[in-house]
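Undergrad: return atomic coordinates for the entry below.
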Amino acid sequence: MASGGEAPAAAGGKVACAAWIRRREEKSAAAARVFAAYGRAGSRPAVEVLGFDSKECSLSPEPLARVVLGEGAGDAPRGIAVHPSGDELVCATAKGCRLFKLVFEEFTVRIFPKAAPLLESVGPQKCLAFSTDGAKFAIGGEDGHLRIFHWPSMNMLLDEPKAHKSFRDMDISLDSEFLVSTSTDGSARIWKIDDGAPLVNLTRSSDEKIECCRFSRDGMKPFLFCTVAKDSKVVTVVWNISDWKRIGYKRLLGKPISTLSVSMDGKYLALGSHDGDFCAVDVKKMEVSHWSKKVHLGSPITSIEFCPTERAVISTSHQWGAELTKLNVPADWKEWQVWLILLALFLASAVLFYAFYHRSDSFWNFPMGRHQPAKPWSVLKESPPVPEDQTPW
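TA: Coordinates of the predicted model:
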C-alpha cells in the first residue's frame with residue numbers, strides 16, 4: 001500500500017475528501033495525465049492538486065497547486081466532484097459549493113475560483129455528481145433538497161426541496177438518463193433527469209434500509225447496485241434498470257458498509273466499512289478480488305475513488321485522512337499487448353499457409369493446363385481418350 005494522504009505539515013490539516021482528475025492531452029487523444037484533488041480541513045481549509053506517478057503508484061509529496069477556501073470551520077471541504085474534462089471541479093462546504101477552474105500547463109497547474117451564484121448559497125451538500133458526458137450536475141443536500149443543473153449553462157433541470165428527509169448517497173447513470181438517490185431513512189428513488197421528475201421508488205420491506213447506490217459503468221449491463229441493510233446483515237443487491245426489479249443479491253464485505261464506488265470501466269466495485277476496511281469486487285463474477293484491512297483503523301471510510309487509468313484507489317476517513325492503495329487484482333490488457341497478439345496470430349497463419357502450400361499434395365500443388373501429366377491409363381488396360389480441346393474448359 002502506498003500512502004498519499006498526509007502531505008507535509010505546512011499544507012495544513014487532514015484530508016477530508018478526495019477525487020481523481022483525468023486530463024486529456026490535446027496533442028494525443030490516447031494520452032492522459034492523472035492528478036488527485038484533495039479537500040483539506042484545518043485552520044486554513046484548502047483545495048490542493050497533486051501529481052500522480054503511475055509507475056510508482058504514488059502522489060507528489062507537495063501539491064502542484066493550492067487555493068485557500070477561507071478561515072472558518074464553515075469553509076472546510078466536505079466533498080469534491082471533478083468535471084469529466086478535468087477543467088473544473090466543485091467543492092462542497094457547510095455554506096455551499098465553490099467552483100474552480102483548472103489550468104494545466106506542461107510543468108505547472110493553476111487553480112482559479114469561478115463565480116457560481118446558484119451553488120454558493122445552497123448550504124451543506126452531502127452528494128455531488130457530474131454525469132459521464134459532463135452535461136449535467138446534481139447536488140443533494142443534508143436538508144433533502146435535490147438540484148440538477150445543465151452544465152455549464154446552470155439552467156435548472158430539477159429543483160425538488162423535499163426529495164428526501166436527508167441525502168445518504170446519489171449517482172447518475174452512464175447514459176445520463178437516470179439519477180438514483182438514497183435517504184437516511186432507508187428509502188431510494190429513481191429520477192428521470194430530462195423530465196425533471198421522480199420515476200419510481202425502489203421496493204423494500206419495512207425492515208430494510210437501502211443505503212449506498214451506484215450504476216454499472218461497462219456500457220453493456222445496465223444494472224443498479226445498492227447496499228441493503230437488514231438488522232446487522234448487509235447485502236449488495238442488483239436491480240435491472242429496464243423494469244427496476246431485483247435480479248439478485250450477494251453478501252460481499254460481511255459487515256456494515258459506509259461507502260460504495262464503481263471503477264470507470266465498470267469492472268470493479270469497492271465497498272468500505274465502518275471500521276476502516278474495504279474490498280474490491282469483480283463485477284463479472286461478483287466475487288471479492290482484493291481485501292484491505294485496517295486501512296482506516298476504527299474509522300468509517302467516507303469515500304473510495306477509483307483511479308481512472310490504474311488499478312488503485314484513494315480512500316478517505318475523518319480520522320486518518322486519505323490513503324492511496326494499489327489493488328492486488330489481475331492486470332488489464334494494454335492496447336499495445338492486444339495489437340501484439342493480433343500481429344503474432346497473423347504471422348503464425350502466414351507461416352502455416354506457406355508450409356502447407358509447399359508440402360501438400362492437394363489441389364494447391366496440382367499442375368495446371370498442358371503441363372498436367374496424363375493419367376496412367378495403362379493400368380486400366382484401355383487406351384486413353386483423345387482430347388478434343390487442350391483448354392481446361
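Undergrad: assess the claim that Leu252 and Ala270 are in contact.
TA: No. With contact defined as Cβ atoms under 8 Å, Leu252 does not reach Ala270; the gap is 10.4 Å. (C-beta placed from N, C-alpha, C; glycine too.)
Undergrad: ok, these two, which is more surrounded?
TA: Neighbours were counted for Leu252 and for Ala270 using other Cβ atoms under 10 Å; Ala270 has more, 26 against 18.
Undergrad: can you name the element that comes right after the helix or strand containing that one?
TA: For Ala270, the host element (DSSP states H and E) is strand 268-273. Sequence order places strand 278-282 as the next helix or strand after strand 268-273, per DSSP H and E.
Undergrad: pLDDT below threshold where in the stretch 201-350 of the chain?
TA: 332-340 (pLDDT under 70).
Undergrad: run the last query once more with 80
TA: Flagging of the stretch 201-350 of the chain using pLDDT under 80 yields the residue ranges 219, 221, 331-350.
Undergrad: so which residues of it form strands?
TA: Ranges of strands in the stretch 201-350 of the chain, per DSSP state E, counting those that start in this stretch, are 209-215, 223-230, 233-240, 245-250, 257-262, 268-273, 278-282, 287-292, 303-306, 312-317, 321-326.
Undergrad: can you check what angle separates the second one from strand 268-273?
TA: Strand 223-230 and strand 268-273 are oriented at 20 degrees to each other (axes from the mean of the first three to the mean of the last three Cα atoms, to 10 degrees).
Undergrad: got the buried residues for strand 223-230?
TA: Within strand 223-230, the residues that count as buried by 16 or more other Cβ atoms under 10 Å are Phe223, Leu224, Phe225, Cys226, Thr227, Val228, Ala229.
Undergrad: can you tell me the closest non-neighbouring residue to the residue nearest in space to the middle of the chain?
TA: Centroid-nearest residue in the chain, with Cα atoms, centre = their mean: Met264, separated by 1.9 Å. Excluding its sequence neighbours, the residue lying closest to Met264 (Cβ to Cβ, 6 or more residues apart in numbering) is Pro308, at 4.9 Å.
Undergrad: what distance do you get for the one you found to Ile314?
TA: Remark: distance between Pro308 and Ile314 (Cβ to Cβ, to the nearest Å) = 11 Å.
Undergrad: overlap in contacts, the two.
TA: Common contacts of Pro308 and Ile314 (Cβ atoms under 8 Å, 6 or more residues apart in numbering): Trp20.
Undergrad: so the two - more neighbours on which side?
TA: A direct count of neighbours by other Cβ under 10 Å for Pro308 and Ile314 places Ile314 higher, at 25 against 19.
Undergrad: thought the more buried one was touching Trp20?
TA: Yes. Contact criterion Cβ under 8 Å: Ile314 and Trp20 qualify, at 7.1 Å.
Undergrad: give me the common contacts of these two.
TA: Shared contacts of Ile314 and Trp20, defined by Cβ under 8 Å, 6+ apart, comprise Ala36, Glu305, Cys307.
Undergrad: hang on, the first one in a strand?
TA: Yes. Inclusion of Ala36 in a strand is indicated when DSSP: H, G, I helix; E, B strand; the rest coil is applied.
Undergrad: please tell me how far His150 sits from Ala135.
TA: Distance of His150 to Ala135, given as Cβ to Cβ: 7 Å.
Undergrad: whoops, Ser232 was the one
TA: On the measure of Cβ to Cβ, Ser232 and Ala135 end up 41 Å apart.
Undergrad: these two - which one has more neighbours?
TA: Ranked by neighbour count (other Cβ under 10 Å), Ser232 and Ala135 place Ala135 first, with 16 against 7.
Undergrad: the residue nearest to the more buried one when sequence neighbours are not counted: neighbour count?
TA: In space, and not counting its chain neighbours, Ala135 is closest to Trp151: 5.8 Å by Cβ to Cβ, 6+ apart. Around Trp151 there are 19 other residues, counting by other Cβ under 10 Å.
Undergrad: if I read this right, Trp151 contacts Phe130, doesn't it?
TA: Yes. Assessed by Cβ under 8 Å, Trp151 is found in contact with Phe130 at 7.1 Å.
Undergrad: shared neighbours, the two?
TA: Counting by Cβ under 8 Å, 6+ apart, the residues touching both Trp151 and Phe130 are His83, Lys136, Phe137.
Undergrad: top of the residues you listed by neighbour count?
TA: The residue in the shared contacts of Trp151 and Phe130 with the most neighbours, by other Cβ under 10 Å, is Phe137 (25 neighbours).
Undergrad: same for the helix or strand that residue falls within, what does it pack against?
TA: In this assignment (DSSP H and E), Phe137 forms part of strand 136-141. On a contact count with 3 or more Cβ pairs under 8 Å, 6 or more residues apart in numbering; DSSP states H and E, strand 136-141 meets strand 125-130, strand 146-150, strand 167-172.
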